[in-house]
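[1] dropping the sequence and predicted coords here.
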Amino acid sequence: MKNPPPKLLVFDPTRCTACHYCEIACSYSHFHVIDLAKANLHVLTDPATGEREVAHCLHCDNALCLEACPTGAIYRDEVTKIVRINPMKCIGCKSCVAACPVGAMWFHEAEGSARKCDLCDGDPKCVKYCSPGAVRAVDRAAYLKELEAKK
């Protein structure tokens, strides 16, 4: 069986209703609780303008979190291109949290490990439960090629 192409999450703020279902689906999928603080992505709203953005892992080509990790707990799955965390290797130094340029990394105190979006192993629950379609999973290579063409 051929592996599906690597995915990337994209966000369309014009479609977001701030329902937080993406965060609910994420926290429930990973922790079996509805707790927005435990979601691996976060809807951010500018109180002055009402504009919304979603902070989530971009699985960067040059992942600064990966480079900052002194133990090798953060690595890239070469097939899916997902940047992953091995919690057994994480020492809780939070270097990755400080290094992430988009604020997608967070530290789970109870687990003693860094956390971030893992694209639900290729089937992102945030996408499934975002009925307005503000969060979408797209083919990574095609999307990056499209961005490059716009430059």
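    Done, it's in.
[2] buried residues in stretch 65-78?
    65, 66, 68, 69, 73, 74 (16 or more other Cβ atoms under 10 Å). From N, CA and C alone the C-beta is placed, and that goes for glycine too.
[3] sorry, slip of the keys, the one I care about is stretch 84-104.
    84, 85, 90, 95, 96, 97, 99, 100, 104.
[4] restricted to strands, list the residues you listed.
    Those of these mapping onto strands are 84, 85, per DSSP state E.
[5] in a markdown table, list the buried residues of stretch 84-104 along with pLDDT and distance to residue 31.
    Shown next, in a markdown table, are these (pLDDT from 0 to 100; distance: Cβ to Cβ, whole Å):
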| residue | pLDDT | distance to residue 31 |
| --- | --- | --- |
| 84 | 96 | 17 |
| 85 | 97 | 15 |
| 90 | 97 | 17 |
| 95 | 98 | 24 |
| 96 | 98 | 20 |
| 97 | 97 | 18 |
| 99 | 98 | 24 |
| 100 | 97 | 20 |
| 104 | 95 | 17 |
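[6] ok, residue 42 to residue 146 distance?
    25 Å (Cβ to Cβ, to the nearest Å).
[7] contacting residues for the residue lying closest to residue 66 once chain neighbours are set aside?
    Nearest residue to residue 66 in three dimensions, chain neighbours excluded: residue 74, at 4.5 Å (Cβ to Cβ, 6 or more residues apart in numbering). By Cβ atoms under 8 Å, 6 or more residues apart in numbering, the residues touching residue 74 are 63, 65, 66, 83, 84, 85, 86, 96, 114.
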